[in-house]
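>>> This is the structure alone, sequence omitted:
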C-alpha cells in the first residue's frame, strides 16, 4: 500500500485491501483465542493449588465459551472457498404433490429461518408465493452474515420428506420433494454488466405482508433476464424503486452464478461440491418422520433426532459436510500434484 502506484488500479487495490483485512481478522481471532487459553490455564492451576467454588464455576463457564470460539475459528479456517464469506441467496421450490409438497416447502423455510436465527444470520424474505390451501409455491430469501454462503452451500439439492400426511384422511404414508438452491451474493468486488435491452421488467401488486400500502399499489417487481431465462421477483420493499434496486442486485448474482457454473462444468466435470456432485437436482437428504430420522446421502450421516433438526439444529450436519468437503478438496489437490 505504501507503493506510489498502488492506487493506479483501483479494483486491484480494493481486492488486496479486502484480502489483507481478512488475514488481519484471522490473526486477531487467533491471538484472542491464545490469550483466552492462557488465562484459563492459569485459572485451572490456581484451582489445583487452592480450590474455590466460585472461581471453579466461572472457569467452567469460560472454558465452555472458549470451546465454542475455538470451534467457530476452526470452521472459519475451513471455509476458505472463493465465495464462502459472502451472503447467501436461497430459493425453495416444492416438487409435484400439491398441498403435501407445498407444506414441505414451508417446513424447510421454517427450519432454515430457525437455523439462521441461532447462527446469528439475518434472514430476509424477498419474494413469497403462498400455496392455495397450505404451505408455499416458492420462496426466495437473502441470508446476511459472515460465511453465510459457506455454511449453507451444502443445502443445494433435493430434500425428501417421508411422513403420514396430515392432509390425507386415510392417514397414508406420503413422500414429498422440494428443491433448495443456494448461491453466493456477489459484492462490489465482482463486476457484472447487464444490458437493459436484455431485461423484461413487470410490476404487480404485492401478495405478501406489509400493509395496505403495499397491496394497493404496484410496488412488486419481476425481472426476467432474456438470454438466460432467469427470473427474479421482489416485493419486500414498500416502493417500486426499492424493489427494482434489490431485484437487480439479486439478478446480477444469479446471472453471474449461471455463467460461472457453466464454466465450471466445462473445465471440471468431476468437481465435488459440499460432499455431492453439486447438481442442484441431486437428492441430498431424507427426512423420515415415522422413524424420527434424517439421513444425508452424500456422506452417509444419519441422525435420530429429526424433530430437533426441523427446529433448526443443523450444526451437526453442516459441520460434517464442511469437514468432508475440505477433506475431498485436499485429496483432489494431492492427486493433482502426484
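Now that the structure is in, tell me what you want to look at. What you are looking at is a predicted structure, and each value in this text was computed from that prediction instead of being measured.

>>> So residue 54, which state does it fall into?
For residue 54, the assignment made with DSSP: H, G, I helix; E, B strand; the rest coil gives helix.

>>> what about it, neighbour count?
7 (other CB atoms under 10 Å). Bear in mind the C-beta positions are built from the backbone N, C-alpha and C, glycine included.

>>> Let me see the contact set for it.
By CB atoms under 8 Å, 6 or more residues apart in numbering, no residues touch residue 54.

>>> Now do it against residue 46, distance only.
12 Å (CB to CB, to the nearest Å).

>>> For the residue lying closest to residue 283 once chain neighbours are set aside, grab phi and psi.
Of all residues not flanking residue 283 in the chain, residue 158 sits nearest, at 4.5 Å (CB to CB, 6 or more residues apart in numbering). Main-chain torsions, residue 158, degrees, to the nearest 10: phi -100, psi 130.

>>> Pull the contacting residues for residue 158.
95, 177-180, 281-284.

>>> and which of the residues you listed is nearest to residue 262?
Among those, residue 281 lies closest to residue 262 (CB to CB), at 15.8 Å.

>>> Test for you: state the pLDDT assigned to residue 25.
Here, the pLDDT recorded for residue 25 equals 74.

>>> so it is in which element?
Using DSSP states H and E, residue 25 sits in helix 10-49.

>>> Could you check how far that helix is from the centre of its chain?
25 Å (CA atoms, centre = their mean, to the nearest Å).

>>> Show me what counts as buried in that helix.
The neighbour-count check on helix 10-49 (16 or more other CB atoms under 10 Å) flags 36, 40, 43 as buried.

>>> Just the buried ones from the contacts of residue 158?
Applying 16+ other CB under 10 Å to those flags 95, 177-180, 284 as buried.

>>> for stretch 249-258, what is the average pLDDT?
Mean pLDDT, stretch 249-258: 90.

>>> Could you do stretch 167-178 as well?
The average pLDDT for stretch 167-178 rounds to 88.

>>> wait, which of the contacts of residue 158 is closest to residue 123?
Using CB to CB, those come closest to residue 123 at residue 180, 13.9 Å.

>>> Tell me how many other residues surround the closest residue to that closest one other than its chain neighbours.
Nearest residue to residue 180, sequence neighbours excluded (CB to CB, 6+ apart): residue 155, at 5.0 Å. Per other CB under 10 Å, the neighbour tally for residue 155 reads 24.

>>> Residue 155: what's it in contact with?
Per CB under 8 Å, 6+ apart, neighbours of residue 155: 90, 112, 180, 182, 284.

>>> Could you measure from it over to residue 331?
In terms of CB to CB, residue 155 sits 23 Å off from residue 331.

>>> Then residue 315?
Using CB to CB, residue 315 is found at 24 Å from residue 331.

>>> who has more neighbours, the two?
residue 315 (15 against 11).

>>> Can you give me the pLDDT of the more buried one?
93.

>>> host element of the residue nearest the centre of the chain?
Centroid-nearest residue in the chain, with CA atoms, centre = their mean: residue 152, separated by 2.9 Å. Using DSSP H and E, residue 152 sits within helix 148-152.

>>> what does that helix contact?
With CB under 8 Å, 6+ apart as the test, helix 148-152 has contacts from 75, 79, 81, 83-88, 90, 112, 116, 119, 121, 143, 182-185, 318, 322.

>>> and it, how far out from the chain's middle?
With CA atoms, centre = their mean, you get 4 Å for helix 148-152.

>>> going forward can the numbers begin at 248, since that is how I track them
Sounds good: first residue 248 from here, last item helix 395-399.

>>> Now do it, average pLDDT.
Computed over helix 395-399, the average pLDDT equals 95.

>>> returning to that earlier point: quick check: the residue nearest to residue 427 vs residue 337, distance?
From residue 402 to residue 337 the distance is 8 Å (CB to CB).

>>> So this protein: which segments form each domain?
253-325, 335-436+520-584, 443-513 (automatic domain parsing).

>>> Take the contacts of residue 405 and write them to JSON lines, including secondary structure and distance to residue 417.
As requested, the contacts of residue 405 are exported to JSON lines (DSSP: H, G, I helix; E, B strand; the rest coil; distance: CB to CB, whole Å):
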{"residue": "342", "secondary structure": "coil", "distance to residue 417": "22"}
{"residue": "424", "secondary structure": "strand", "distance to residue 417": "21"}
{"residue": "425", "secondary structure": "strand", "distance to residue 417": "23"}
{"residue": "426", "secondary structure": "strand", "distance to residue 417": "28"}
{"residue": "427", "secondary structure": "strand", "distance to residue 417": "30"}
{"residue": "528", "secondary structure": "coil", "distance to residue 417": "31"}
{"residue": "529", "secondary structure": "coil", "distance to residue 417": "32"}
{"residue": "530", "secondary structure": "strand", "distance to residue 417": "26"}
{"residue": "531", "secondary structure": "strand", "distance to residue 417": "30"}
